[in-house]
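Student: could you look at this predicted model? Sequence included:
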Amino acid sequence: MDGVIVDFQSGIDQLDEKTQKEYEGRLDEVPGIFSLMKPWKGAIETIKELKKYYDIYILSTAPWENPSAWSDKLIWIKKYLEPEMHKRLILSHNKHLNMGDFLIDDRTANGADRFTGKHLHFNTKEFPNWNYIKDFLHAEYIESVIKD
C-alpha cells in the first residue's frame, strides 16, 4: 500500500513538527499516521479499472511497533476502495509467500524480491506511475486472451 496506492508523504505532511522530530527515522511508527494518508495519484481509478480483468488483492506490510497501522490500513481501504476490497487485504512481512501473477511494489524488501510472479517495481524508470502500470497490465491481459 505505502508508496504505491497510498502517498506516505501525505501523512507525514500532516504531522506537527514535534511529532516528526520525535519519530524521526521511524515515521511509520507514529500512531494513526496511516489514517492520515491520501491515495497516490491514479491508484484508485486504475485499481477499479483493472478489477474488470484481474483478481486483485492488497498485499502490505505493517510496522510491528505501530499496532494502529494494522487497523488504519483496513479502515483506509474501506474509505477509498470498493466495499469488498477490505476482505482482500493481506498484511505480511513475507510477500514472497503469497501467490499471484503480478506484485506492484515500490521496494524489494519483505520478500518482494523473491515473489514468484512478476514484480512491477513501482516508482522506477520502468514503472514510474499508475499509467505505466495500467498500460502494462492491459497489454498483458490482451496477450493472454490472444494466446487462449
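Tutor: Looks like it arrived, so ask away.
Student: where do the strands of the protein begin and end?
Tutor: With strands called from DSSP state E, the chain shows them at 6-7, 38-39, 58-60, 89-91, 102-105, 118-121.
Student: and Leu27, which of those strands is closest to it?
Tutor: Ranking the strands of the chain by proximity to Leu27 (C-beta to C-beta) places strand 6-7 first, at 13.3 Å. C-betas here are computed from N, CA, C, even on glycine.
Student: report the mean confidence score over the closest one.
Tutor: Per-region confidence: strand 6-7 scores 96 on mean pLDDT.
Student: for it, packing partners?
Tutor: Applying 3 or more C-beta pairs under 8 Å, 6 or more residues apart in numbering; DSSP states H and E, one finds that strand 6-7 contacts strand 38-39.
Student: strands paired with the strand it packs on, and their directions?
Tutor: strand 6-7 (antiparallel) (DSSP bridges).
Student: model confidence for Ile142, exactly?
Tutor: 89.
Student: that one: neighbouring residues, count only.
Tutor: Look at Ile142: counted by other C-beta atoms under 10 Å, it has 11 neighbours.
Student: same check, this time on the one 4 residues further on
Tutor: Look at Ile146: counted by other C-beta under 10 Å, it has 7 neighbours.
Student: also Ile58?
Tutor: 21.
Student: now do the one 10 residues further on
Tutor: Summarising burial for Ser68: neighbours were counted as other C-beta under 10 Å, giving 17.
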